[in-house]
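>>> Pasting a predicted model and its sequence here:
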Amino acid sequence: MSSKKSIAYIIDELFYYDSKNNCYVSKFSAGNFLKLLQKNLDMECDFVFPVSKKPTPSSYSTIFKTDDYKVEPLPGWEGVISYYQMLLNPKVSFLLKSKVAKLINRYDIFWIRIPSPFGLRLGRAAEKQGKFVIYNVVGDIRLAHNSEKYKGLKNIFAKTAGYCFHRKSLSTSKNSVFLCVGSVLYNVYKKAHKEVEFFIDSLVKSEDIKMPKVKLSNPLKILYVGKLVRSKGIYFLIDTIKELNCKYKLELHMVGHGEECDRVKKSAHENKFIKFHGFVPQGAELNKIYSDCDILIMPSILSEGFPRVILEAWSNGLIVISANIGGIESLGQHLKNILFFEPGNKNSLIEQIELVLHHSNVREELRKGIIDVQKVISSDYMIERVKNVLIRNSLI
């Protein structure tokens, strides 16, 4: 190309501004992949995300230092309903309209992580102006109303808004590509005749990938990493392991944060087999917890795209047992590199755990499968996929 292109990364995850250290921080980790991507693309760029006015959390996963990155802060909404409530304020509505126009005039390419009402609004407007938009689809907004935080009228609004948003995302122009997390989302946009790629914003470094263990620990160490909310099936998991603990020597290690944090901490105090680690940011400490465990269990009740923690578990050589929901089958193959159980079915989960405990041939087959899948889950591999999209569209 005759001139270097510019890109704006839209991240609809809540950040906080740390005035003491002159940086933006978040407990969410999507920004970390985009920093790796930007380092490889070396384009003029802007990172755009909502910023809360609340006090900065003591621990976080992502940091943007203002000396190193250009940031365009947005008002700090925390979800679909919060965003639309802000739009009722004329000053906020005008501010966001101005931001959209400013960004479209400044940048050639837009990376937009959806579901995000603001992101989709910006993306559709950018496409009309002939700009290229990369939609990173990480979840199905039609399911957002299933969250515990949406009850009564809020649930009805979230459901209605989710379906409207979904229809709008299907009506985008051809000047875009959809990078979808998981097979379910991939098929939705493929059916709508969009340019689609399977993609996960992996943070796995090729040099950090570890070989799967040959022997299991004693006691067997089971791991959960994720949000501590009911919809993730955390109490279903605790009850299942509690039942198995009467028969086998087990430990359940739990890592995460969320509205059920205090209750999980109390359960750990009452049950010695539960080892509660709280929130642990990406890095050496979290990798050590992974490496010390044998099995990662994903007990989610609701549909997922493709949970990043599965990649992290595979990269650390863990066996993964997951509820068979969402798009996990895009990479996960039962009895090859993962074990699936029926969502919410305790006996089905116990069956898979005992399969690992009692059958060395199953463990060996999984070990081989994990080694194979490790070749396609690194951040380097995913960055190359993005670069190929840009090359194919004559943008680099």
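That came through, no problem.
>>> helix/strand/coil for K242?
Going by DSSP: H, G, I helix; E, B strand; the rest coil, the secondary structure assigned to K242 is helix.
>>> can you count the residues close to it?
Counted with other C-beta atoms under 10 Å, the neighbours of K242 add up to 15. Glycine gets a C-beta too; all of them are placed from N, C-alpha and C.
>>> How far off centre is the helix or strand bottoming out on mean pLDDT in the chain?
Confidence across the helices and strands of the chain bottoms out at helix 153-170, with a mean of 82, counting by mean pLDDT, DSSP states H and E. Here the centre of helix 153-170 is set off from its chain's centre by 21 Å, with C-alpha atoms, centre = their mean, to the nearest Å.
>>> okay, that helix in CSV with CA atoms only?
The C-alpha trace of helix 153-170 is given here as CSV (Å, rounded to 0.1, in the frame of the first residue of the first chain):
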residue,chain,number,x,y,z
LEU,A,153,-38.5,-5.3,33.4
LYS,A,154,-34.7,-5.2,33.0
ASN,A,155,-34.8,-8.8,31.8
ILE,A,156,-37.5,-7.9,29.2
PHE,A,157,-35.5,-4.9,28.0
ALA,A,158,-32.3,-6.8,27.8
LYS,A,159,-33.9,-9.6,25.8
THR,A,160,-35.6,-7.1,23.4
ALA,A,161,-32.4,-5.1,23.0
GLY,A,162,-30.4,-8.2,22.5
TYR,A,163,-32.5,-9.4,19.6
CYS,A,164,-32.5,-5.9,18.0
PHE,A,165,-28.8,-5.7,18.3
HIS,A,166,-28.4,-9.2,16.7
ARG,A,167,-30.5,-8.3,13.7
LYS,A,168,-28.5,-5.1,13.2
SER,A,169,-25.2,-7.0,13.3
LEU,A,170,-26.5,-9.3,10.5
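>>> Give the next helix or strand downstream of that helix.
Scanning forward in sequence from helix 153-170 by DSSP states H and E, the next helix or strand is strand 176-180.
>>> Now that following strand: average pLDDT?
Per-residue confidence for strand 176-180 averages out to 94 on the pLDDT scale.
>>> mind listing the strands for the stretch 151-300 of the chain?
Secondary structure of the stretch 151-300 of the chain by DSSP state E, counting those that start in this stretch: the strands cover 176-180, 196-198, 220-225, 250-255, 274-278, 295-298.
>>> Walk me through which strands the fourth one pairs with, and which way each runs.
Using DSSP bridges, strand 250-255 pairs in its sheet with strand 220-225 (parallel), strand 274-278 (parallel).
>>> Residues in contact with the top strand by length along the chain: which ones?
In the chain, ranked by residue count with DSSP state E as the criterion, the top strand is strand 44-52. With contacts defined as C-beta atoms under 8 Å, 6 or more residues apart in numbering, strand 44-52 is touched by 4, 6-17, 24, 26, 31, 34, 38, 64, 69-78, 99, 103, 106-107, 118.
>>> ok, which stretches of this structure are helices?
Remark: helices assigned in the chain by DSSP state H are 30-41, 80-87, 90-106, 117-128, 153-170, 183-191, 234-244, 261-270, 284-292, 308-315, 346-358, 360-373, 379-392.
>>> most packed of the ones you listed?
The highest mean neighbour count among these belongs to helix 308-315 (a mean of 24), with neighbours defined as mean count of other C-beta atoms under 10 Å.
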